[in-house]
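Novice: okay, sequence plus prediction incoming.
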Amino acid sequence: MAKATLGGVEIEVDDDGFIQEPDKWNKDVAEDIGKIEAVLEPGQDKMGADHWTVVDYLRNYFLEFGIAPPIRMVVKKSGIDLKKIYELFPKGPAAGACKVAGLPKPTGCV
Amino acid sequence: MTALSYLVIIFGYLALLLFIFGIIYRAWRWNRLPQGFSWGLFPKPTRWVVTSMLWKILAWPTLFKADRLLWAGALFFHLGLLVLFAGHLGSFIDIASLGERIGIPSESSYVIGITAGTIVAITILFYISRRLFIRRSSEISVFADHFWLWVLLVVVLVGIYSRVFHEVSSDAVRDFALSVVAFNPALPPQNFWFLMHVLLSEFFIIYAVIGKPIHLVGQLFTQYILVSEEGS
Amino acid sequence: MKTDTENQADSQAKAVEEYEKTLERWFGEATKEDVQKVIDKLGEWEKLPYSKLVKLNLDLCSNCGACADECHIYKTLPRKEFNPVYRVKLLRSVYQKYFTWVGKVFGRFAGARKLDKELLKEWFVRFYQCNMCRRCNIFCPFGVDNMAIVRTGRLLINDVMGKTTEDMGRGVRYHLRDGNASEMSEAAFRNIVSFWEDEIKEVKGWDVKVPIDVVGAEMFLIPPNTDYFHSLETMEGIAATLYAANVSWTMSSKIFDSVNYGTFFNDEAWASIITQHIEEAKRLKCKTLVVGECGHATKSLMFLGPSLLGEFPFEVKNILQVTADLIQHDRIKLNKEANPETVTYHDPCNVTRMCGIMEEPRIILRAACMDFREMTPNRDRNYCCGGGGGVVLETASHDFRMEVTGKLKAEQMQRTGAKIVVTSCANCKVEISHLIDQYKLDMKWAGVHDMVLNALEL
């Protein structure tokens, strides 16, 4: 398992860049992952309000239920539609948004 | 020539023995293995199970859909073999008079035999060229796949050659064959090409039991697994 | 300048190479002991519960290659390594070398081959590239089964070295630990169930309550985990159908995931996951265990489970059979006009070739849609979507699936001219959704019950 320095902290990540130590996640970590996942333009280092709406929703859902919520639930509950999510997180809700929010990689036919 | 005659006789018994017991052994091995899972394929026939198996074993409808040329080649090959097999029964029984009773004049046996032999030889060449030139087949063929085709080709060609140029009378063949079956072998007709034909055939029969020609028997098991509802 | 064809060949080659590298990395390196253990284990192959099928393949296949052109992978990329015969020969040649006297005596001439570390690595790569769709089996003139060999190879490697592909292996670990492959807790399950209910209320206006843990209900339904994350309409359609038909049914708050990735590589895990399903069905005293829109789970529970673990004290059905039956007995009302677009149906290998459920989805779609159109070939002759055999579970296989295994399916879907591709397997839905994105096809994907949900009336 590889280590990466994100938000000034050393964190274990898997092959696809999902962090393996969810406790170490914080907003700086999120923004550092965002740079890697093309969420932030080169030179930019802060995510906008819409980014945080999605990330916070995912994060809170994960803390409550231990999994990533269904995409449709994210869209409905956060009020940000799927197209917009893809604009905010070019790699999509799973590989992009969930990764930034520090969730583990979703498993199964999902 | 006598040494060859003895070889023919010894290999004859060996082939007979291995053929009968080899096939029984292999079928027994297959049969006792577990097939706990019902791993058939759909659609399965709900009735006419036997008919549908026979249809698959005799007419190869799926091969027809997959590779029509191979299907046609294989059909001619197996039909040719069937005719040759029937003709060779003449070594044991008097099929000439049997043939005449169903309207095949005994003189035509020569033409029928040579034609069937030629068809089999041509289709073997077709098989071989497939294995040499068609990529999906050539890239997976090994020596053994070619080997038995060549053996059979030689058997057939020698058979045709001896029939055309060095014919042995069918009565002489029958006398010899029946003496072997009666476990009191007489000296075979002293004709080199005839003896080579018999010896090579015996060799092929032995090979058939350990090699791929066993698919004639093995298919009964695979096709049964495919149509059966339960594990067998 | 390169032509389109050349570019395509390049990207195909790259996708193959990358996934092969990943597979090799997952496999790592075998030791000499591993190799010996695999050989020993192969020597015990007769103990396999399906050794008859294995032995017949080993003995009968005559390398004719008739199946090669029927394999969607070889058809897309006719490389020697993708020839189904080449694939199974990797194992057959080793079997010949150590366990047949012909192979021992004649060695390479008979096609026999020594097993070494490199060959074992190739086993792993090739066996996990196969979709195990069994289409080749249909076209084999001798009726031999390549899938049985591919599975045996995966099994041997997993038994000896514990290796499998990454996400699939993790799914099984989670399943054995939590009772589902996606780390879902009961709270998460209940949360998503209530989301289904909200959505049904929104589109239908009905107060559907999904029954949970009702002992003695007639049907016990287990959908695949996909229905919780990726295709929620499918499960909403199922819940609405059973509600509209007033069927007595239930779900379980403990065992709510039908998938069983053990099917693809490990008999023990496979059996224990089936046992989880069976025990829960017994506890709920259901008459029928109904599997949702999921291919391999239907096969596992309907056929393989009973032959492995003995007859179940209940019946196993697929939801397609249940709904088709409800339609034929006029227990639900469908309004076709709700689905005016052209619809086509992709036959999942496991649902169709292995379980024989062919006409049921057609009965449903004809009743629920205005314009249903077949794709060719269809039913038992249909091509795999490209995600079968657990290949779709791996994130890393994406490009390989898009460029190679799924390409034929994308072309086939496009040829129908349909606006919606419907299918009834979670695995296929994921693969097809990726294909639509990748090839920018002007179509949507859906489950069979997504269409039912639209058309359903009280």
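Specialist: Looks like it arrived, so ask away.
Novice: give me the low-pLDDT residue ranges for chain A?
Specialist: Scanning chain A for pLDDT under 70 picks out A:1, A:107-110.
Novice: can you pull the residues of it lying near chain C?
Specialist: Contacts of chain A with chain C, taken as Cβ under 8 Å from any Cβ of the partner chain, map to A:15-16, A:64-73, A:95, A:104-110. The way it works is simple: take the backbone N, C-alpha and C, and place the C-beta from them, glycine included.
Novice: flag the helix or strand of chain B with the lowest per-element mean pLDDT.
Specialist: helix B:95-101 (a mean of 80; mean pLDDT, DSSP states H and E).
Novice: and that helix, what does it pack onto?
Specialist: Judged by 3 or more Cβ pairs under 8 Å, 6 or more residues apart in numbering or on different chains; DSSP states H and E, helix B:95-101 is in contact with no other helix or strand.
Novice: in stretch B:146-157, which residues are buried?
Specialist: Buried residues in stretch B:146-157, counted by 16 or more other Cβ atoms under 10 Å in any protein chain shown: B:W148, B:L149, B:V151, B:L152, B:L153, B:V154, B:V155, B:V156, B:L157.
Novice: which one among the residues you listed gets closest to C:M375?
Specialist: Taking Cβ to Cβ as the measure, C:M375 sits nearest to B:L149 out of these, at 39.3 Å.
Novice: and the lengthiest helix in chain A, what does it pack onto?
Specialist: Ranked by residue count under DSSP state H, the longest helix found in chain A is helix A:49-65. Secondary-structure packing of helix A:49-65 (3+ Cβ pairs under 8 Å, 6+ apart): helix A:71-78, helix A:82-88, helix C:186-204.
Novice: what packs against the very next helix or strand once past the second one?
Specialist: Meaning helix A:82-88. Remark: after helix A:82-88, the chain's next helix or strand is helix A:92, criterion DSSP states H and E. Packing contacts for helix A:92, counted by 3+ Cβ pairs under 8 Å, 6+ apart, involve no helix or strand.
Novice: list the contacts of C:G292.
Specialist: Neighbour list for C:G292: C:L221, C:I222, C:P223, C:P224, C:D227, C:T234, C:M235, C:I238, C:S258, C:I319 [criterion: Cβ atoms under 8 Å, 6 or more residues apart in numbering or on different chains].
Novice: confidence score at whatever residue of the stretch 351-458 of chain C ends up closest to chain A?
Specialist: Nearest residue of the stretch 351-458 of chain C to chain A, counting by Cβ to the nearest Cβ: C:A426, 4.1 Å away. pLDDT recorded at C:A426 is 93.
Novice: now do the residue positioned nearest the centre of chain A against chain C, distance only.
Specialist: What sits nearest the mean C-alpha location of chain A, by Cα atoms, centre = their mean, is A:V100, with 2.2 Å. Using Cβ to the nearest Cβ, to the nearest Å, A:V100 is found at 16 Å from chain C.
Novice: which ones are touching the residue of the stretch 351-458 of chain C closest to chain A?
Specialist: Applying Cβ under 8 Å, 6+ apart to C:A426 gives the contacts A:C109, C:P224, C:N225, C:T226, C:D227, C:H230, C:S231, C:V259, C:E293, C:C294, C:G295.
Novice: buried ones among these?
Specialist: Buried members of these, scored by 16+ other Cβ under 10 Å, are A:C109, C:P224, C:N225, C:T226, C:D227, C:H230, C:S231, C:V259, C:E293, C:C294, C:G295.
Novice: which is the next helix or strand following the least confident helix or strand of chain B?
Specialist: Past helix B:95-101, the next helix or strand by DSSP H and E is helix B:108-133.
Novice: how far does the next helix-or-strand element following that next one sit from the chain's center?
Specialist: Heading C-terminal from helix B:108-133, the first helix or strand you meet, by DSSP H and E, is helix B:135-138. Centroid separation for helix B:135-138 versus its chain: 24 Å, with Cα atoms, centre = their mean, to the nearest Å.
Novice: go on, stretch C:41-54?
Specialist: Chain-centre distance of stretch C:41-54: 23 Å, with Cα atoms, centre = their mean.
Novice: for stretch C:129-145, same thing?
Specialist: Using Cα atoms, centre = their mean, the offset of stretch C:129-145 from its chain centre is 15 Å.
Novice: so for it, mean pLDDT?
Specialist: 92.
Novice: between the two ends of that stretch, how far is it?
Specialist: Criterion Cα to Cα, to the nearest Å; first-to-last residue distance in stretch C:129-145 is 17 Å.
Novice: check stretch A:30-48 too.
Specialist: So stretch A:30-48: terminal residues 12 Å apart, Cα to Cα.
Novice: now do the buried residues in the helix or strand where B:A27 lies.
Specialist: B:A27 is located in helix B:2-32, with elements delineated by DSSP H and E. For helix B:2-32, burial by neighbour count (16+ other Cβ under 10 Å) applies to B:S5, B:V8, B:I9, B:F11, B:G12, B:A15, B:L18, B:G22, B:R26, B:W30.
Novice: got these as JSON lines, with pLDDT columns?
Specialist: Listed next are the buried residues of helix B:2-32 as JSON lines, based on pLDDT from 0 to 100:
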{"residue": "B:S5", "pLDDT": "92"}
{"residue": "B:V8", "pLDDT": "93"}
{"residue": "B:I9", "pLDDT": "94"}
{"residue": "B:F11", "pLDDT": "93"}
{"residue": "B:G12", "pLDDT": "92"}
{"residue": "B:A15", "pLDDT": "94"}
{"residue": "B:L18", "pLDDT": "93"}
{"residue": "B:G22", "pLDDT": "93"}
{"residue": "B:R26", "pLDDT": "92"}
{"residue": "B:W30", "pLDDT": "90"}
